[in-house]
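**Q** sharing a sequence plus its predicted fold:
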Amino acid sequence: MTVRKNLCMRAYGKINLTLDILGRMENGYHEVEMIMQQVSLYDSVQISEKTDGPAEISSNCPWLPSDGRNLAYKAAEAFARATGYDVPVKIRIGKYIPVASGLAGGSSDAAAVLRGLNILTKAGLSTEELCKIGRDIGSDVPFCITGGTALATGRGDELRPLPPMPDCRILLAKPRLSVSTPAAYAEFDRAKNITHPDTASCIQALEHGDLAALAAGMHNVFEDSSPIPEVEKLKQIMKEHGALCANMSGSGPTVFGIFTDESAVLKARAACRACAPFVFYCRPAARRRGG
Ligand code: ATP
């Protein structure tokens, strides 16, 4: 009897503690500088061997593509191309990170497939080698492979690990609207009055384990170039309920608030639920051991 292998990976979401755009690179990509933080909200990605045929994707989310447009599928193809280990697999995604929300759920699913296939096939790729495959799938994939806290530069795929974010409570709230990332970059290119985050002071705050100083320096330039009233409202609610800061993640529209006090975050969660369909309370996630 053939014993088929399967394993279940956690694909953690991320928030941008800072998000700055420095200009355009020669290859046409925007040059970014972002402090990325993985959070404890995750999708589950179950990978099971099957006898033959192309990768099969399914999920609990009816509108998520289950063909070659799914980033998990792209990751399975890219892994086979890069390593020659073309193992037929079924991938079942338990989607809990809201789609197109600025939390890098799709990139994280792709990262989980790359890490999972590396384990399943015993291909023995290093974290750097997995990141090299991942960056062609999406700029956020390398960070989703390494996790923890990192400074991302270039087009977001050049990573420098940073000291971990001090433990805290993170409230995520996604308003009922979608943001197109290319449209957000186009708005940025037209925008005039941009306040840039103080990335250096945030890195210093991480080095000193100073959560208040970190919160004081956080900023996302997309909030200047594409202000969204629903985002502003959620930020205000979180601040009124004691958040040290409240910012938008990625190109939005998810807002995250940083709290130190358990009862404050619970009250803020209840207040945000009145105007946002997705509200979730989580914590910073640590960098993966060995990578
Ligand atoms: P980022 O913060 O990296 O910009 P995001 O959170 O805004 O990412 P995702 O949830 O990663 O966005 O999804 C972006 C797009 O990718 C959506 O249009 C979605 O249809 C597509 N997509 C493909 N595969 C997946 C997947 N496994 N999970 C979520 N979205 C996926």
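**A** Noted; the coordinates are in hand.

**Q** when you work out contacts or count neighbours from here on, use the C-alpha atoms and nothing else.
**A** Fine.

**Q** tell me where the stretch 101-250 of the chain has strands.
**A** Ranges of strands in the stretch 101-250 of the chain, per DSSP state E, counting those that start in this stretch, are 149-153, 158-161, 169-174, 219-220, 245-248.

**Q** would you mind finding the most buried of those strands?
**A** Counting by mean count of other CA atoms under 10 Å, strand 245-248 has the highest mean neighbour count of the strands of the stretch 101-250 of the chain, with a mean of 26.

**Q** so the helix or strand following that one, near the ligand or not?
**A** Of the helices and strands lying after strand 245-248 in sequence (DSSP states H and E), the nearest is strand 255-259. No. Contact of strand 255-259 with the ligand (CA under 6 Å from any ligand atom) is absent, the minimum separation being 12.0 Å.

**Q** got it, and stretch 66-85?
**A** Yes. Counting by CA under 6 Å from any ligand atom, the ligand has neighbours in stretch 66-85: 69-72.

**Q** out of these, grab the one that's most surrounded.
**A** Sorting the residues of stretch 66-85 next to the ligand by how many neighbours each has (other CA atoms under 10 Å) puts Ala72 first, at 29 neighbours.

**Q** Glu56: neighbour count?
**A** 19.

**Q** can you tell me how far it is from Glu240?
**A** Here the distance between Glu56 and Glu240 works out to 46 Å (CA to CA, to the nearest Å).

**Q** what do you get for Ala285?
**A** Between Ala285 and Glu240 the distance is 26 Å, computed by CA to CA.

**Q** quick one: which of those two has more around it?
**A** Neighbour tally, Ala285 and Glu240, criterion other CA under 10 Å: the higher count belongs to Ala285, 20 against 12.

**Q** for that one, which non-adjacent residue is closest in space?
**A** With CA to CA, 6 or more residues apart in numbering as the measure, Val39 is the residue that lies nearest to Ala285, at 4.7 Å, once sequence neighbours are left out.

**Q** does that neighbour have beta-bridge partners, and which?
**A** When assigned by DSSP bridges, Val39 has beta-bridge partners Pro284.

**Q** mind listing what it touches?
**A** Listed by CA atoms under 8 Å, 6 or more residues apart in numbering, the contact set of Val39 reads 12-15, 282-285.

**Q** put the buried members of those residues into a PyMOL selection.
**A** Selecting the buried subset of these in PyMOL, with 16 or more other CA atoms under 10 Å as the burial test, is done by:
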select buried, resi 12+13+14+15+283+284+285
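
**Q** just send the contacts of Val39 back as CSV, with pLDDT too.
**A** As requested, these are exported to CSV (pLDDT from 0 to 100):
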residue, pLDDT
Tyr12, 98
Gly13, 98
Lys14, 98
Ile15, 98
Cys282, 97
Arg283, 97
Pro284, 97
Ala285, 95
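
**Q** closest one to Met34 out of the contacts of Val39, please.
**A** In terms of CA to CA, no member of these lies closer to Met34 than Ile15, at 9.9 Å.
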